[in-house]
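Asker: using only what follows, build the 3D model:
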Amino acid sequence: MGTNTAPITVMVGDGVLSKKQNDYGSIHATSPAEQVDTASNSAAIDSETEAVEAGLHKLEAKNVHWYAYLLTVDFWTILAIGQVLALCITATNTFSTFLANKNTNIPALQTVFTYTMLTLIYMPITLYHLGFKEWLRVVWRRGWKYFILSFLDVEGNYFTVLAYRYTNILSAQLLNFWSIVCVVIISFILLKVRYKLFQIAGILICCGGMGILLASDHITGSNGGPSADMVKGDLFGLLGATLYGISNVYEEWFVSKRPLYEVLSFLGMFGILINGVQAAIFDRASIEGATWDGQVAGYLVGYTLAMTVFYSLAPLILRMGSAAFFDISLLTANFWGVIIGIRVFGYAIHFLYPIAFVLIILGLITYFLAGSVLGDSKKPWLGDNQRDGVAGIGTAKLKALNEARKQGLMRDSGGDA
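Answerer: From the prediction side, this is the model:
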């Protein structure tokens, strides 16, 4: 992956010292022999900047109808990805249930395998694109930020699973709504996201659909029942939902600025360290008392594969959509969970479930009504013409560049994933 540079010219006496600043913030002087290359790179960068501006203008000019975004391939892609993620969550819950039925409750250890898979897949790609020397610079300059991201993700997983040990499922699911509230508040305050009326309405409709699901479960008694320590479990659930909300917004900010492979590789690397230590401390007794056989190994493999797919696709929906859309998309996981439950665990479906599912899907559609054809892919924190963003898969910057190429405004050039 190339390093974008912006020329800086400093007057020194009667001469001119040319410098350039890379995307990591460091500045180094260039020799006279390098100044020709610097001028050439500057022209290319100016060309890309102008192409992005022209491409964004072309795309936003297409917003002639209030339903414009619903007619784009991007909308149906993001809707489909959201449902795949919901199915992945359903799969992980199913495999966790299988493990619990085998007296194997190791929430921290089983997630270590997921972070290991992410590292094995994306770290070689990162090293290939960056090179080892540049990789070390990334670790030095941004490693602490990736550590925080991994910590939030690990602890969000841990406390949410821990909540189910002490409270009933109905209470834990109600607390999951808090993650959506956290995402909206944090995005509004820190990322300067301004939600439109239809977006707020879409979120409320989705939450209404989820409320019908919970009401149905309460009517049938399938999600209620006694709990070991309701207050303790609810506090763990509230903490887990808060950490989830923060980590989702943080990851959206990260993947809009950096390549996906870099974000996922460091998420995996630090996730192994954090979760490994946590498993060694808190899961030791559970590991010793767990059942270890071929079935348990199969369930762990299924859980790991589902989570790996989930983590690989999540950045796409965060780029093409937003952390808020990501969270409300996952509400349909409860519906898919019931479908699995009918086939695997013999559950009986209540008539309110189809109504709830339709409401959630309508809410997802409403979220993007009266929006730009760019949807939520144009991020307000990336500045004018998305200058601070990466031209990667799903980003508004790459869409603008592709539109500029389509209109013959620039020559073909590669983008970062």
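Asker: give the buried residues for whichever strand or helix holds Gly237.
Answerer: Gly237 belongs to helix 230-257 when elements are defined using DSSP states H and E. Buried residues in helix 230-257, counted by 16 or more other Cβ atoms under 10 Å: 233-257. The C-beta positions use only the backbone N, C-alpha and C, and glycine is treated the same way.
Asker: pLDDT (mean, whole number) over it?
Answerer: The pLDDT scores in helix 230-257 average 87.
Asker: mind listing the strands for this protein?
Answerer: Remark: strands assigned in the chain by DSSP state E are 5-12, 15-22, 27-29.
Asker: packing partners for the helix holding Gly237?
Answerer: With contacts defined as 3 or more Cβ pairs under 8 Å, 6 or more residues apart in numbering; DSSP states H and E, helix 230-257 has these neighbours: helix 132-166, helix 169-190, helix 260-282, helix 294-320, helix 323-329.
Asker: any low-confidence regions in the protein?
Answerer: Applying pLDDT under 70 to the chain flags residues 1-46, 63-64, 167-176, 217-230, 341-350, 370, 410-415.
Asker: can you list the domains in it?
Answerer: Here the domain parsing of the chain from automatic domain parsing is 1-32, 68-367.
Asker: tell me which of these lies nearest to Gln386.
Answerer: Gln386 sits nearest to domain 68-367 of all the domains of the chain, at 8.4 Å, using Cβ to Cβ.
Asker: distance between the ends of that closest one?
Answerer: With Cα to Cα, to the nearest Å as the measure, the ends of domain 68-367 fall 13 Å from one another.
Asker: going forward, count from 29.
Answerer: From this message on, residue numbering opens at 29, which makes the last subject domain 96-395.
Asker: how far is that domain from where the chain is centred?
Answerer: 9 Å (Cα atoms, centre = their mean, to the nearest Å).
Asker: list the residues that contact the nearest residue to Thr147 once chain neighbours are set aside.
Answerer: Nearest residue to Thr147, sequence neighbours excluded (Cβ to Cβ, 6 or more residues apart in numbering): Gly296, at 3.7 Å. By Cβ atoms under 8 Å, 6 or more residues apart in numbering, Gly296 lies in contact with 143-151.
Asker: if we go to 10 Å?
Answerer: With contacts defined as Cβ atoms under 10 Å, 6 or more residues apart in numbering, the neighbours of Gly296 are 142-151, 174, 178, 336, 339.
Asker: can you pick the most crowded of the residues you listed?
Answerer: Most neighbours among the contacts of Gly296, by other Cβ atoms under 10 Å: Tyr143, with 27 neighbours.
Asker: give the contact list for that residue.
Answerer: Taking Cβ under 10 Å, 6+ apart as the criterion, Tyr143 is in contact with 178, 181-182, 292, 295-304, 332, 335-336, 339.
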